[in-house]
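Kindly generate the corresponding structure for this input.
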Amino acid sequence: MPADLTAIQPITASCAGLLFDMDGVLISSIGSVRRCWRQWCRLYDVPGADTYEVPHGMRAVEIVRSLRPDIDPADGLRIIEDLELADMDDLMVLPGAAELLRSLPPERWTIVTSATRRLMIGRLAAAGLPVPDRLVAADDVTNGKPAPEPYLAGAAMLGFKPAECIVVEDAPAGITAGRSAGCRVLGLLGTHEIAELREATWIAPSLAGVHAVALAGDLSLSFVPA
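Residues are numbered from 1 along each chain as shown. All right, here's what the predicted structure looks like:
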């Protein structure tokens, strides 16, 4: 018999700060990403260009190096940035993202993304989402996800210990990065199956059912688990 969804109890967790991934958590840019990387692959004569699938959570410069180790990665990165910035027509804000971000005190959250700063700001502007004063982009770290460096930097930027923060992620590489940094991780379904997100502390269907309340010195986060 089907599970009784009304019997699933909400989870409440306290934290000092929230560290959000961007693509797959706040916005969906998968159409642009797929089109632009396939175009990039054709430009650079990468075999299988028309069916290429981008590895989620990996920085663009690392993808460039993996596909064409013989070229200047800075040149390859600039080309894919230009392509993606020019292709945002079907970019979509994911359910619950705008409402949650706007409910949070600005000093309590930031974005930690594998996108470059230039692309990140462009996508957030196109989506009409708030841009945090302090953020961590691909250009700001030496070792991208799944290394812990991005989320360690995000927690430090907010002035909190990693254990005081909750990471919100959709990709296994980002979940590994958050857990390795010492954060708790809320994994969201969408780009990956639930079995691929098992390393997360919790899993939720989307941000649509995630709510936050600012208390004295803390945030109280509530959601119904997947």
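
Okay, domains of this structure per the record?
For the chain, automatic domain parsing gives the domain ranges 5-29+91-223, 30-85.

among the ones you listed, which is the most enclosed?
domain 5-29+91-223 (a mean of 19; mean count of other CB atoms under 10 Å). The C-beta positions use only the backbone N, C-alpha and C, and glycine is treated the same way.

avg pLDDT for that one?
Per-residue pLDDT over domain 5-29+91-223 has a mean of 95.

Centre of the chain to that domain, how far?
6 Å (CA atoms, centre = their mean, to the nearest Å).

can you give me the helices in the chain?
Along the chain, the segments classed as helices by DSSP state H run 30-43, 60-67, 73-85, 97-103, 117-127, 149-158, 172-181.

ok, and what's touching the fourth one?
Applying CB atoms under 8 Å, 6 or more residues apart in numbering, the contact partners of helix 97-103 are 20, 25, 26, 27, 109, 128, 129, 130, 207, 210, 211, 212.

hang on, the first one packs against residue 108?
In other words, residue 20. No - using CB atoms under 8 Å, residue 20 makes no contact with residue 108, being 11.3 Å away.

so how far is residue 42 from the most centrally placed residue in the chain?
For the chain, residue 21 is the residue whose C-alpha lies nearest the centre (CA atoms, centre = their mean; 2.2 Å). In this view, residue 21 and residue 42 are 28 Å apart by CB to CB, to the nearest Å.

before we move on, what about residue 134?
Applying CB to CB to residue 134 and residue 42 gives a distance of 37 Å.

next one: residue 187
34 Å.

same thing with residue 153?
35 Å.

What of residue 211?
Counting by CB to CB, the gap from residue 211 to residue 42 is 44 Å.

Contacts for stretch 140-150, please.
57-59, 62, 112, 114, 117, 136, 138, 153, 171-174, 176-178, 180-182.

same thing but at 10 Å, please
Residues outside stretch 140-150 that contact it (CB atoms under 10 Å, 6 or more residues apart in numbering) are 19, 21, 56-62, 112-114, 116-117, 136-138, 151-155, 157, 162, 167, 169, 171-183, 199.

Skipping adjacent residues, who's closest to residue 132 in space?
Using CB to CB, 6 or more residues apart in numbering and skipping the chain neighbours, the partner closest in space to residue 132 is residue 110 (4.7 Å).

what sits opposite that neighbour in the beta ladder?
In this entry, residue 110 is beta-bridged to residue 19, by DSSP bridges.

show me what contacts it?
Going by CB under 10 Å, 6+ apart, the list of residues near residue 110 reads 17-20, 132-136, 153-155, 157-158, 165.

Out of the residues you listed, which comes closest to residue 50?
Nearest to residue 50 among the contacts of residue 110: residue 20, at 32.5 Å, using CB to CB.

Please name the residues that touch that closest one.
By CB under 10 Å, 6+ apart, the residues touching residue 20 are 26, 97, 100-101, 104, 109-113, 132, 135, 154, 166-169, 186, 207.

Likewise for residue 217?
Applying CB under 10 Å, 6+ apart, the residues near residue 217 are 14, 16.

same deal with residue 170?
Neighbouring residues of residue 170 by CB under 10 Å, 6+ apart: 21-26, 28, 56-57, 94, 186-192, 196-197, 200, 206.
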